[in-house]
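> give me a model of this one.
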Amino acid sequence: EAIELLADAKPFDLALLDLSMPDVHGFEGLLQLRTRYPRLPVVIVSGYEEPKIISEALSYGAAGFIPKSARKSDLAAAIRSVMDGAVYVPENYEGQPPDPDSTDRADMVQRLARLTPQQLRVLQMLRQGMLNKQIAYELQVGETTVKAHVSEILRKLNVYSRTQAVIEVSKLDNAELFRDQAGF
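Purely as a prediction, here's the structure:
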């Protein structure tokens with residue numbers, strides 16, 4: 001919904017994004033914003049302050065990470081810093097050693113960035129388990145158009161099936177990590 005608002009609005013200088021939004025898993029919102037608006041700095045504002053999460057946010061293209069526990073003055077300084085072109089991280093953040101899977105994740109993020117907005121919508125519907133016919137109805141396009149989008153998604157993601165595409169993209173989600181830390 002927020003992404004649709006951005007599409008209809010005047011250009012923004014900065015986006016603040018919470019990782020805990022309804023209907024968005026892990027870094028999905030960040031990936032969508034970075035894909036659709038590659039020049040828009042996106043700063044994560046989150047209650048999750050673990051170094052691993054901060055590192056992943058930065059690796060997915062976040063321009064900064066502001067903990068929700070930050071003071072107002074720190075928040076203002078962080079925004080000024082990002083607007084001046086710097087990447088902001090909390091003072092107590094110490095970079096994590098590279099995760100062995102981070103290269104694969106970064107590669108998948110780059111492949112996702114090649115998808116068009118419509119292909120991203122189709123991919124999201126694939127992740128929801130929708131059939132081509134359902135996707136066509138939802139997007140008000142022909143089933144052959146959906147098939148063409150699916151073929152192009154598979155090619156751009158370098159996978160061989162819809163299932164493999166969903167599995168590979170799901171690896172980018174940190175939903176389990178967030179649930180574990182929230183005590184669910």
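> helix, strand, or coil at the residue nearest the centre of the chain?
By CA atoms, centre = their mean, the chain has its centre lying nearest to residue 31, at 2.4 Å. Classification of residue 31 using DSSP: H, G, I helix; E, B strand; the rest coil returns helix.
> does it touch residue 109 like I think?
Yes: counting by CB atoms under 8 Å, residue 31 touches residue 109, with 6.5 Å between them. In this view, the C-beta of every residue, glycine as well, is placed from N, C-alpha and C.
> what's around residue 41, how many residues?
Residues within reach of residue 41, counting by other CB atoms under 10 Å, total 22.
> and it, what's its pLDDT?
Looking at residue 41, its pLDDT reads 88.
> ditto for residue 156
For residue 156, the model assigns a pLDDT of 91.
> for stretch 140-152, which outside residues touch it?
Outside stretch 140-152, the residues that touch it by CB atoms under 8 Å, 6 or more residues apart in numbering are 118, 119, 122, 126, 132, 133, 135, 136, 139, 162.
> what about residue 114, how many residues close to it?
Counted with other CB under 10 Å, residues neighbouring residue 114 total 13.
> ranges for the strands of the protein?
Secondary structure of the chain (DSSP state E): strands at 15-17, 42-46, 64-67.
> for the last one, which helices and strands make contact with it?
In this case it means strand 64-67. Packing contacts for strand 64-67, counted by 3 or more CB pairs under 8 Å, 6 or more residues apart in numbering; DSSP states H and E, involve strand 42-46, helix 51-59, helix 72-83.
> just to revisit the earlier point, the strands of the chain: which one's closest to residue 156?
For those, proximity to residue 156 was assessed by CB to CB; strand 42-46 is nearest, at 21.9 Å.
> and that closest one, what does it pack onto?
Secondary elements touching strand 42-46 (3+ CB pairs under 8 Å, 6+ apart): strand 15-17, helix 28-36, helix 51-59, strand 64-67, helix 72-83.
> can I get those in JSON lines with distance to residue 113 and mean pLDDT?
Shown next, in JSON lines, are these (distance: least, CB to CB, whole Å; pLDDT from 0 to 100):
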{"stretch": "strand 15-17", "distance to residue 113": "16", "mean pLDDT": "88"}
{"stretch": "helix 28-36", "distance to residue 113": "5", "mean pLDDT": "78"}
{"stretch": "helix 51-59", "distance to residue 113": "13", "mean pLDDT": "84"}
{"stretch": "strand 64-67", "distance to residue 113": "19", "mean pLDDT": "91"}
{"stretch": "helix 72-83", "distance to residue 113": "20", "mean pLDDT": "90"}
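> out of those, which comes closest to residue 155?
helix 28-36 (16.7 Å).
> quick one on the thing from earlier: which residues do residue 31 and residue 109 both contact?
60, 61, 172.
> which residues does the residue nearest to the second one when sequence neighbours are not counted contact?
In this case it means residue 61. Once flanking residues are discounted, residue 61 sits nearest to residue 34: 4.3 Å by CB to CB, 6 or more residues apart in numbering. Residues counted as contacts of residue 34 (CB under 8 Å, 6+ apart) are 42, 60, 61, 109, 113.
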